[in-house]
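**Q** Predicted structure and sequence below. I'll ask about it afterward.
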Amino acid sequence: MAGLTKVESYLMDLGISYQEASAGTFFIDDTEKGLPGVVVTIDEPIVIVRARVMTVPSTKRAELYETLLKLNASDMVHGAYALDGEDIVLLDTLEYGTMDKEEFEAALDSISLALSRHYGILGSFRG
């Protein structure tokens, strides 16, 4: 990818601290903006925004999965909770070709909001 991508330009415009991990992959670790350990990957035609939340605990899994489904249904503006192996992640996808800065910012804001609002709820499942 030659030059700045739309994603990198938006990250700079929004004043978000990031590092380019590889071509088309950006690592955000901006705790001031509520975005610790968020990875943004351009995989045209989509952009994937992903944050690892926690490891799936060995106990109370069914209760945790039900809680995640309820949060997805009632409290997620953009994106959703998902499973990736033994990790719980927050995930959102955007269409690269039509994505504008406001849509990108809304996806990041939604993940930031979920990480802060759901910390206590999901924290009760940590071992």
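**A** Good, I have the coordinates.
**Q** for the protein, which spans come out with low pLDDT?
**A** Low-confidence segments of the chain, defined by pLDDT under 70: 1-3, 127.
**Q** Which stretches in this protein count as helices?
**A** Ranges of helices in the chain, per DSSP state H, are 6-13, 61-74, 101-117, 119-123.
**Q** To residue 84, which of these lies closest?
**A** When the helices of the chain are ranked by proximity to residue 84, the top entry is helix 61-74, at 12.7 Å, counting by CB to CB. In short, each C-beta sits where N, CA and C put it, glycine included.
**Q** Run the angle between the closest one and helix 101-117 for me.
**A** 140 degrees (axes from the mean of the first three to the mean of the last three CA atoms, to 10 degrees).
**Q** Quick one: list the elements packing against helix 61-74.
**A** Contacting helix 61-74 under the criterion 3 or more CB pairs under 8 Å, 6 or more residues apart in numbering; DSSP states H and E are the following elements: strand 80-84, helix 119-123.
**Q** so that helix versus strand 80-84, what angle?
**A** Relative orientation of helix 61-74 versus strand 80-84 (the same axes, to 10 degrees): 140 degrees.
**Q** Pull out the buried positions in helix 61-74.
**A** 64, 67-68, 71 (16 or more other CB atoms under 10 Å).
**Q** hmm, who's touching that helix?
**A** Contacts with helix 61-74, where a contact means CB atoms under 8 Å, 6 or more residues apart in numbering, come from 56-57, 80-81, 88, 114, 118, 121-122, 125.
**Q** okay if I get the helices of the chain as a markdown table plus distance to residue 92?
**A** Written out in a markdown table, the entries for these read as follows (distance: least, CB to CB, whole Å):
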| stretch | distance to residue 92 |
| --- | --- |
| helix 6-13 | 13 |
| helix 61-74 | 12 |
| helix 101-117 | 5 |
| helix 119-123 | 17 |
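**Q** Ok, which of the ones you listed comes nearest residue 45?
**A** Relative to residue 45, the nearest member of these by CB to CB is helix 6-13, separated by 12.5 Å.
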